[in-house]
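[1] Give the three-dimensional model of this entry:
(2 chains)
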Amino acid sequence: MKNNDQALTLMDQVRAIPGGEHVSVCYSCGTCVSRCLIQQKIDKAYNPRRMMKMVMMDMLENAFDSPTTWLCSACDLCYPACPQEIHISGVITAVKELAIEAGHHSPLKTAQVNIKTCVACGLCVEVCPYEAVHLVEKNVPNRGKNLTNDFAFQCIKFLVWFQFFQFSAESGNFFLNYTSFINIHP
Amino acid sequence: MVDAARHRNIDVRTYTQVERVEGYVGNFKVQLREKARYVIADRCNGCGDCARVCPIEVPNPFEMDLAPRKAIYVAMSQSVPLLYTIDRESCIDCYKCVEACGPLEAIDFSQEDKLVWVDVGTIIAATGFNHFDPSVIPEFGYGLYPNVITAMEMERLNNSAGPTIGNLIRPSDKENPKRLAIINCVGSRDKRFNPWCSNFCCMYAIKNAILLKQMYPDIELSIYYIDIRTPSKGYEEFYERAREMGIKFIQGRPSLITEDEKTHNLFVHSEDITLGLVTEYEYDMVMLNQAAVPQPDVDSVSSVLNIQQGPGGWFMEYHPKLRPIDSPTDGIFLAGACQGPKDIPGSVASGSATASRAGRILHSDEWEIEPIIAQVWEDRCVSADGKKCGICAKACPYNAIVVEQGKAAQITIAKCHGCGGCVAECPHNAMTQMHYTDAQILAQIRALLADKPEEKIFAFRCHWCSYGGADMAGTSHFEYSANERGIRVMCSARMDTDFIYEAFRLGAGAVLYSGCHPQDCHYITGQQVGAKRADRLQKIFDKLGMSPGRFRISWISAAEGQKYANVIDEMQQTLDDIGKEKLLKEIETLRPQMEKRARRMYQVPDVTEASDYAEKLALAMKIETARDEK
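    Got it, this is the predicted structure:
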């Protein structure tokens, strides 16, 4: 029960963000938890029901440090099953936004772009299933350069890898490798 | 039931539908459709010879389609009266039943539906509830997996008169289940289907579990629940007994049921909240404790009986706390689960209560009603001159007004509840409401706006909601602008356009038009009549160029004291923002328009005298305050 001196409680803040409006109607039935594949396949500590409760009980630090905040992939398997029609991934995204505002970082090791070699071809944007990669206006030295055969080949190879690792996502390892090409947007 | 059927004052009519209801408390006329059962009621003795020879078999809905019935059938063997009925949709007209009936000659294929009128003093609606069909919930797989059954199917499988003679078997392989899961809140407490709690399912699940445990001591029973609700006498002890018997209670709503294709065993996936673990247990059979929902024909019954429907379609009572078994129409009562899910003690209590309430009416020669009722000045009603009008009849939520061309509108006094909608709607001012006459209300408006009207916020409040809201604001000590002046009328439907024009003509700074929320109206559709009129007024004022916010419409319930205070404060803010000089100028420019629109009001009898009196009163008050100041 921290931050009681703050004017807005965590619940108020979450409810003000689109997607997090209905968090307070959760009656902890656990449907979302037993639906969740991340809970079952990746991390047992992952628990959306507890996240709802943490938001309601104003447990700010616990919510920001919880793996639930960072691991949710917004697959929305839980949303159609929720009897209270809470958009659970919306709530978690709202908490994530607040956490980033408060200076927290994702504990996941994410991929990064190597500006020196990036040509802004946009292939990585197309393949990312979470829409986490974006093309932004930046001074990229190689933009518009004619791709050598070598370079094009590398990009295509990368595409194949990415898809491969997407399928083996269970292990959670693909986050750790291949850090040199893309930048996962927080 | 048999006692009831044999009682000389009780007339049991089965297979009969209510078509129309006319009249009023103590003098209802009810039209009944006696459906053709193709069996003569006086001759049939219920021996069942006909059903034995009938070659047609169809699913029996009483047995939840688990057993067949013949085309000539009784719903169940304990039916009262024990009369057979032919289902003509499945009958093939072989006439074997006619032969079997023999000399009784009880079967008559030429029968047709009969319409009969009966006179009754009171009506009690006790149409009950229906079961939610869980096949629309995708995750539980009802209808897909044979061993997922509903509570009603369990009831038949477990019944000694049921299709299995009380032997609990699972549908896939006819074996006795060893592991059984009961899932609560199937379709209830679920915003996707029915948001309400079905009241009795927790106890029903525990009852079934205890019953099964007693019959099959080695059975493994688990109850999946969100919350166990045991609010009545002895319920908590019953719950404890179930726990002592070794029945497992798992807090957690299952998110998915999957099936082993070979064995047809079921896997229930759920989080065990108390343990914080996701569990997947195997069961032989799963029982879904489905929600209680209103009967499928609830809409037509409610329109026939003129009973309002609440959220979800349940019948609405007149007042949830103080008149819980009365419908808005006098002489019509609600018993049992047609009002909302009720358990057995609750249904019995409400049934007995309605019976005694109906008895009070039936035993009295005269019935007192509220004196606030509408009256017609017959010489002013245009319908008496042969013109087409009938606006008052359209506004009446109780169908109390009959308008025939060539005759003045007639009000059935016993049906009138005194909302005043007709009085305000009548364009010829040919109606009045006792104790809330135009003259009385106008006198109040004049008196309240006698002094510095441009500073005043004039509020019209309805008796049941916004007046209570203002009261609540007062008793809760919510502060709001002291410039508010309000009067009470019975319903927002009574707030005549003339009153608002008159208030603005007198120079009121702002006018609040407030009443109940649409679903809370104590006069069925009174608020809607008022809301329509208010919207019309708003458009007129916008067109006339009135500053926005001077006329305000707001629906405030009796509990919303804070809202009332906020609304008044906001209106005060609007007046402050406009500024006094601009406001006075606007009042002056609009005054002729208001005068023109309110001119008809003075044709109403007594209005002139009342307004003269109000002026005298206001003058006297002014002199008195001046004297006090000296």
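[2] hey, which helix is longest across chain B?
    Of all the segments assigned as helix in chain B under DSSP state H, the longest by residue count is helix B:607-629.
[3] Other residues contacting that helix?
    For helix B:607-629, the external contacting residues (C-beta atoms under 8 Å, 6 or more residues apart in numbering or on different chains) are B:438, B:439, B:440, B:442, B:443, B:444, B:446, B:447, B:450, B:451, B:601, B:602. No exception for glycine: its C-beta is placed from N, CA and C like everyone else's.
[4] Now tabulate these in CSV and tack on distance to residue B:319, pLDDT and neighbour count.
    Shown next, in CSV, are the contacts of helix B:607-629 (distance: C-beta to C-beta, whole Å; pLDDT from 0 to 100; neighbours: other C-beta atoms under 10 Å in any protein chain shown):
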residue, distance to residue B:319, pLDDT, neighbour count
B:438, 29, 89, 24
B:439, 31, 88, 19
B:440, 26, 90, 18
B:442, 31, 89, 26
B:443, 31, 88, 22
B:444, 27, 90, 18
B:446, 34, 88, 21
B:447, 32, 87, 18
B:450, 37, 85, 17
B:451, 38, 83, 12
B:601, 34, 80, 21
B:602, 38, 78, 13
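[5] Dump these to CSV, plus distance to chain A and secondary structure.
    Output for the contacts of helix B:607-629, formatted as CSV (distance: C-beta to the nearest C-beta, whole Å; DSSP: H, G, I helix; E, B strand; the rest coil):
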residue, distance to chain A, secondary structure
B:438, 47, helix
B:439, 51, helix
B:440, 47, helix
B:442, 47, helix
B:443, 49, helix
B:444, 44, helix
B:446, 48, helix
B:447, 46, helix
B:450, 46, coil
B:451, 43, coil
B:601, 48, helix
B:602, 53, helix
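[6] Around chain B, which positions in chain A sit nearby?
    With C-beta under 8 Å from any C-beta of the partner chain as the criterion, chain A meets chain B at residues A:27-35, A:39-40, A:47, A:49-50, A:78, A:81, A:83-85.
[7] residues making contact with stretch B:257-268?
    Stretch B:257-268 has contacts (C-beta under 8 Å, 6+ apart) with B:139-141, B:144-148, B:170, B:172-173, B:181, B:183, B:224, B:254, B:256, B:269, B:280-286.
[8] brain fart, stretch A:93-101
    Here stretch A:93-101 makes contact (C-beta under 8 Å, 6+ apart) with A:10, A:13-14, A:17, A:19-20, A:51, A:55, A:63-64, A:69-70, A:72, A:74, A:186.
[9] Is residue B:85 in contact with residue B:39, as I believe?
    Yes. Proximity of residue B:85 to residue B:39 meets the contact threshold set by C-beta atoms under 8 Å, at 6.3 Å.
[10] Quick check on these two: which one has the bigger neighbour count.
    residue B:39 (22 against 19; other C-beta atoms under 10 Å in any protein chain shown).
[11] quick revisit: separate out the buried members of the residues of chain A next to chain B.
    The neighbour-count test (16 or more other C-beta atoms under 10 Å in any protein chain shown) marks A:28-35, A:39, A:47, A:49-50, A:78, A:81, A:83-84 as buried among the residues of chain A next to chain B.
[12] Any stretches of chain A with poor pLDDT?
    A:1-7, A:137-186 (pLDDT under 70).
[13] domain ranges for it?
    What automatic domain parsing lists as the domains of chain A is A:10-101, A:110-185.
[14] Tell me which of those sits most buried.
    Ranked by mean neighbour count, the domains of chain A are led by domain A:10-101 with a mean of 20 (mean count of other C-beta atoms under 10 Å in any protein chain shown).
[15] Return the set of buried residues in the helix-or-strand element of chain B with minimal mean pLDDT.
    Here the helix or strand of chain B ranked lowest by mean pLDDT, DSSP states H and E is helix B:607-629, holding a mean of 79. For helix B:607-629, a neighbour-count test (16+ other C-beta under 10 Å) marks B:607, B:610, B:611, B:614, B:618 as buried.
[16] can you check stretch B:128-147 too?
    Neighbour-count burial for stretch B:128-147 flags B:129, B:132, B:134, B:137, B:139, B:140, B:141, B:142, B:145, B:147 (criterion: 16+ other C-beta under 10 Å).
[17] Which single one of those residues is nearest to chain A?
    residue B:139 (5.9 Å; C-beta to the nearest C-beta).
[18] What about chain A: which of the buried residues of stretch B:128-147 touch it?
    Checking the buried residues of stretch B:128-147 against chain A by C-beta under 8 Å from any C-beta, the ones in range are residue B:139.
[19] Pull the contacting residues for the closest residue to residue B:505 other than its chain neighbours.
    Excluding the flanking residues, the one nearest residue B:505 by C-beta to C-beta, 6 or more residues apart in numbering or on different chains is residue B:594, at 3.9 Å. Counting by C-beta under 8 Å, 6+ apart, residue B:594 makes contact with B:501, B:502, B:504, B:505.
[20] and the first one, that's in a helix?
    Meaning residue B:501. Yes. Counting by DSSP: H, G, I helix; E, B strand; the rest coil, residue B:501 falls inside a helix.
[21] Identify the residues contacting it.
    By C-beta under 8 Å, 6+ apart, residue B:501 lies in contact with B:594, B:597, B:598, B:601.
[22] Could you do the last one as well?
    Each residue near residue B:505 by C-beta under 8 Å, 6+ apart is listed here: B:591, B:594, B:595, B:598.
[23] again, only using 10 Å
    Shown in contact with residue B:505 (C-beta atoms under 10 Å, 6 or more residues apart in numbering or on different chains): B:445, B:449, B:453, B:498, B:587, B:590-598, B:601.
[24] which residues pair with residue B:190 across the strands?
    Beta-bridge partners for residue B:190, by DSSP bridges, are residue B:194.
[25] where does it land on pLDDT?
    Listed pLDDT for residue B:190 reads 93.
[26] neighbours of it, just the number please.
    The tally of other residues near residue B:190 (other C-beta under 10 Å) stands at 22.
[27] wait, isn't it in contact with residue B:291?
    Yes. Assessed by C-beta atoms under 10 Å, residue B:190 is found in contact with residue B:291 at 7.7 Å.
[28] Now for the two: what residues contact both?
    Counting by C-beta under 10 Å, 6+ apart, the shared contacts of residue B:190 and residue B:291 are B:132, B:196.
[29] ok, back up a step: between the buried residues of helix B:607-629, which sits nearest chain A?
    Distances from chain A to the buried residues of helix B:607-629, taken as C-beta to the nearest C-beta, are shortest for residue B:618 (48.9 Å).
[30] Any part of the helix or strand containing residue B:185 near chain A?
    For residue B:185, the enclosing helix or strand under DSSP states H and E is strand B:179-186. Yes. Counting by C-beta under 10 Å from any C-beta of the partner chain, contacts between strand B:179-186 and chain A involve residue B:185.
[31] Show me what the following helix or strand past that strand is packed up against.
    Reading on from strand B:179-186 to the C-terminus, the next helix or strand found by DSSP H and E is helix B:201-215. On a contact count with 3 or more C-beta pairs under 10 Å, 6 or more residues apart in numbering or on different chains; DSSP states H and E, helix B:201-215 meets helix B:151-157, strand B:179-186, strand B:220-225, helix B:235-244, strand B:248-251, strand B:285-290.
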